[in-house]
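give me the fold of what follows.
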Amino acid sequence: MLKSIRAGLGPWSPLVVCLVLSACPYDNPVPLDAPKAVSLDQRLLGRWVARHDKEKDGGFTEFEFFAFNEREYLVTTLNREPFKRDEVDHYRAYPTVVGGRTFLNCRDLRQQESYVFAVYELSDPETLAVSFVSDDAMKPAGGLKTSAALRAYVEKHVADKGFFEPLFELKRTADSERK
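Residues are numbered from 1 along each chain as shown. Sure thing, here's the model as predicted:
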């Protein structure tokens, strides 16, 4: 379970609201790796939105990816629900390749060292699918205190069924479409 629970949801709380997750993403005090010369995926840059309820005005979750520097993204999330105060969070994220998959090491800028790990797919230039490493899948590993140990465990289990939370989709949106 997430160690640092903010508003009952923890890191990436807008995402958790959007997904109505039955399980929690895994978090760890160490990243999979330090930021290295893995190139940023320029296709991620921009604004992505997931509508919570397409039938009604159910609100939305928005991700905006900026290039922070040559190796890291700044990710801003906005969660908007009817009759509730907007939730805005900021993350630093950077790519790491493990077991042939590109992971994003994501750290909430309001938290001490605490990382969640995500993978993504772009099925087309307008659709971003994201999935987080499952807390349940990492329980057998116990508390991993080093990036090397974490990486080794992830590499060994990345193809296991249930290693990731279900994918969810966001659609690219133009700045003018922001409400």
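
every contact and neighbour count from this point should use C-alpha atoms.
OK.

give me the neighbour count for the nearest residue to residue 40 once chain neighbours are set aside.
Using C-alpha to C-alpha, 6 or more residues apart in numbering and skipping residues adjacent in sequence, the residue nearest residue 40 is residue 71, 6.2 Å away. Other residues lying near residue 71 total 17 when counted by other C-alpha atoms under 10 Å.

residue 71 reaches residue 94, doesn't it?
Yes. The criterion here is C-alpha atoms under 8 Å, and residue 71 meets it with residue 94 at 6.2 Å.

can I get the CA coordinates of the one helix or strand residue 97 maps to in CSV?
Assigning secondary structure by DSSP states H and E places residue 97 in strand 87-98. C-alpha atoms of strand 87-98 as CSV (Å, rounded to 0.1, in the frame of the first residue of the first chain):
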residue,chain,number,x,y,z
GLU,A,87,-6.4,19.0,-7.6
VAL,A,88,-3.1,20.0,-9.2
ASP,A,89,0.1,18.0,-8.7
HIS,A,90,3.6,18.2,-10.2
TYR,A,91,6.0,15.4,-10.8
ARG,A,92,9.5,14.9,-12.2
ALA,A,93,9.7,11.8,-14.4
TYR,A,94,12.5,10.2,-16.4
PRO,A,95,12.8,7.2,-18.6
THR,A,96,14.7,4.0,-17.7
VAL,A,97,14.8,0.8,-19.8
VAL,A,98,14.4,-2.4,-17.9
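
next, the contact list for the residue nearest to residue 40, please.
35, 36, 37, 38, 39, 40, 94, 95 (C-alpha atoms under 8 Å, 6 or more residues apart in numbering).

no further questions, thank you.
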